[in-house]
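# Mind folding the following:
(one chain, ligands or ions: 2)
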Amino acid sequence: MNTSVSTAPIVTSQIQIALGDRSYEIHVGEGLIAQQSPASCLFPLGSAALIVTNETVAAHYGLVLEQALSGHYGVVRTVVLPDGEQYKNWQSLELIFDALLRGAFDRKAVLYALGGGVIGDMTGFAAATYMRGVPFVQIPTTLLAQVDSSVGGKTAINHPLGKNMIGAFYQPRLVLCDLATLDTLPAREMSAGLAEVIKYGPIADMQFMEWLEVSIDAVLNKEPQALAHAVKRSCEIKAWVVGQDEKESGLRAILNFGHTFGHAIEAGLGYGQWLHGEGVGAGMVMAAELSFRLGLVDTSFVSRLKRLIERAGLPTRGPVLDAADNAGRYLELMRVDKKSEAGEIRFVVIDGPGKAAVRSAPDSLVREVIDACCAYGPH
Ligand code: NAD
Ligand code: GLY
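Residues are numbered from 1 along each chain as shown. Ligands and ions are numbered 1, 2, ... in the order given. Sure, this is the predicted structure:
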């Protein structure tokens, strides 16, 4: 394993996501937005482009994307949504549809998601449903979106009773991970993104986990080579999983390691209190602890994963959601999960390092895990 930090320029990587006639490429490199020119351009053909972004990202990258697109489409417009997980809802979706209908965008229009996972998930859902489906491109600007949410075609909005409960599988035409956009990403968001990077190790690639144990500080410090490797390897693993099970009839569920507990934390505290990646961080510790109590891994594996999550700057304990019956509240929230079957919660567990499985577990055991892994106070 090469752990030395190289100063060589970042070479753009291309990862193919193989889904028959819906296959597409993920490009990972520095300055990719600005590099698109009318002469050499990855953008799909179309009658017009609508950029969907939020107020924060628009201020940084709205203009550069508008400029890149204006050489390619006759009409380029932008809709700027409010920023935050709490706005991942019908009202924001309506703002996208308003912009499309007021601008008379037709079926050949292309939507561009410029932002993190919230913008990407909502833009994808709007693209899936506007005129029964128009093309869209993902331009993820958070680490989390570059390593996970922009790839694989899961699109959704939240419902007050459950996270990502309303949505569709709908693949983008292209994913452009421009590493330069991470320059402006705050440290807390870098940590949140690392949760989704970390998950790929225990579920699929222990060598990647070992690399991350050595390189995590370099990734947090946005050292270009480390960042490029983290994004590229994460996208490769995700593309491999999605290529085999696009609609989550089996294997793809492993990508939700830590998410059953994490989604309960997000919904239980109110969306936007803890970041998605923070919920996943504490959720992975809980899922690893459950794996241990099911006899699938030993305590040293749980401690090792916990240490990595801690070093990423993420919480390793869940919050107390209900002082009277905390475990009961988690169980109630976790039953509203897309993996649940006939009211039975299904957990992604680690079935030996580098291998994941989906299992149910007795409520009494899950209660023990929650009691052992939750704490009062700030994380
Ligand atoms: P986010 O979209 O809310 O972005 C985080 C914050 O960073 C926001 O305030 C945003 O405005 C800001 N931001 C974005 N890019 C920036 C930049 N370059 N510089 C400065 N600030 C920037 O959150 P996220 O963590 O990217 O995504 C979380 C969402 O992704 C959740 O809703 C989650 O459910 C979803 N998700 C979806 C999938 C999927 O497969 N579709 C997978 C994982 C997560
Ligand atoms: N983030 C989980 C998935 O894409 O399936």
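
# CA atoms for contacts and neighbours, from now on please.
Noted.

# which bits of this structure sit near ligand 2?
Asp148, Ser149, Gly152, Lys154, Arg252, Leu255, Asn256 (C-alpha under 6 Å from any ligand atom).

# would you turn these into a markdown table with neighbour count?
Written out in a markdown table, the entries for these read as follows (neighbours: other C-alpha atoms under 10 Å):
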| residue | neighbour count |
| --- | --- |
| Asp148 | 22 |
| Ser149 | 23 |
| Gly152 | 25 |
| Lys154 | 22 |
| Arg252 | 18 |
| Leu255 | 21 |
| Asn256 | 22 |
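
# Please enumerate the helices of this protein.
32-35, 55-57, 63-70, 90-102, 117-129, 143-144, 187-204, 206-220, 224-244, 259-269, 276-293, 299-311, 326-335, 363-373 (DSSP state H).

# Save the ones you listed as JSON lines, and put in mean neighbour count and mean pLDDT too.
As requested, these are arranged in JSON lines below (neighbours: other C-alpha atoms under 10 Å; pLDDT from 0 to 100):
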{"stretch": "helix 32-35", "mean neighbour count": "18", "mean pLDDT": "94"}
{"stretch": "helix 55-57", "mean neighbour count": "17", "mean pLDDT": "98"}
{"stretch": "helix 63-70", "mean neighbour count": "17", "mean pLDDT": "96"}
{"stretch": "helix 90-102", "mean neighbour count": "16", "mean pLDDT": "98"}
{"stretch": "helix 117-129", "mean neighbour count": "27", "mean pLDDT": "98"}
{"stretch": "helix 143-144", "mean neighbour count": "26", "mean pLDDT": "98"}
{"stretch": "helix 187-204", "mean neighbour count": "23", "mean pLDDT": "98"}
{"stretch": "helix 206-220", "mean neighbour count": "18", "mean pLDDT": "98"}
{"stretch": "helix 224-244", "mean neighbour count": "21", "mean pLDDT": "98"}
{"stretch": "helix 259-269", "mean neighbour count": "25", "mean pLDDT": "94"}
{"stretch": "helix 276-293", "mean neighbour count": "28", "mean pLDDT": "98"}
{"stretch": "helix 299-311", "mean neighbour count": "17", "mean pLDDT": "98"}
{"stretch": "helix 326-335", "mean neighbour count": "20", "mean pLDDT": "95"}
{"stretch": "helix 363-373", "mean neighbour count": "17", "mean pLDDT": "97"}
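
# Now render those helices as a markdown table, adding distance to ligand 1.
Rendered in a markdown table, the data for the helices of the chain read as follows (distance: least, C-alpha to the nearest ligand atom, whole Å):
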| stretch | distance to ligand 1 |
| --- | --- |
| helix 32-35 | 12 |
| helix 55-57 | 5 |
| helix 63-70 | 13 |
| helix 90-102 | 13 |
| helix 117-129 | 3 |
| helix 143-144 | 5 |
| helix 187-204 | 6 |
| helix 206-220 | 14 |
| helix 224-244 | 10 |
| helix 259-269 | 8 |
| helix 276-293 | 5 |
| helix 299-311 | 16 |
| helix 326-335 | 15 |
| helix 363-373 | 22 |
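
# Using JSON lines, lay out these together with distance to Pro319.
As requested, the helices of the chain are exported to JSON lines (distance: least, C-alpha to C-alpha, whole Å):
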{"stretch": "helix 32-35", "distance to Pro319": "39"}
{"stretch": "helix 55-57", "distance to Pro319": "28"}
{"stretch": "helix 63-70", "distance to Pro319": "39"}
{"stretch": "helix 90-102", "distance to Pro319": "28"}
{"stretch": "helix 117-129", "distance to Pro319": "23"}
{"stretch": "helix 143-144", "distance to Pro319": "22"}
{"stretch": "helix 187-204", "distance to Pro319": "16"}
{"stretch": "helix 206-220", "distance to Pro319": "24"}
{"stretch": "helix 224-244", "distance to Pro319": "28"}
{"stretch": "helix 259-269", "distance to Pro319": "7"}
{"stretch": "helix 276-293", "distance to Pro319": "9"}
{"stretch": "helix 299-311", "distance to Pro319": "15"}
{"stretch": "helix 326-335", "distance to Pro319": "9"}
{"stretch": "helix 363-373", "distance to Pro319": "9"}
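
# between these, which one is nearest to Pro44?
Distances from Pro44 to each of those were compared by C-alpha to C-alpha, and the smallest falls on helix 63-70, at 10.5 Å.

# helices or strands up against that closest one?
In terms of contact count using 3 or more C-alpha pairs under 8 Å, 6 or more residues apart in numbering; DSSP states H and E, helix 63-70 is assigned the packing partners helix 32-35, strand 75-81.

# what distance separates the longest one from the centre of its chain?
Spelled out, it's strand 75-81. For strand 75-81, the distance between its averaged C-alpha position and the chain's averaged C-alpha position is 23 Å (C-alpha atoms, centre = their mean, to the nearest Å).

# any idea of the mean pLDDT for it?
Here the mean pLDDT over strand 75-81 is 98, rounded to a whole number.

# Please name the strands paired to that strand in the sheet, noting orientation.
Each strand pairing with strand 75-81, determined using DSSP bridges, is listed with its direction: strand 48-54 (parallel).

# Show me which residues of the partner strand are buried.
Ala48, Ala49, Leu50, Ile51, Val52, Thr53, Asn54 (16 or more other C-alpha atoms under 10 Å).

# repeat for stretch 243-250
Gly243, Gln244, Asp245, Glu246, Lys247, Glu248.

# Quick check: phi and psi at the third one.
To tie it back to what came earlier, the one meant is Asp245. Note on Asp245: backbone dihedrals following degrees, to the nearest 10 are phi -150, psi 70.

# quick one, what contacts it?
By C-alpha atoms under 8 Å, 6 or more residues apart in numbering, the contact set of Asp245 is Leu251, Arg252.

# do you know how far Gly281 is from Gln86?
With distances taken as C-alpha to C-alpha, to the nearest Å, Gly281 is found 20 Å from Gln86.
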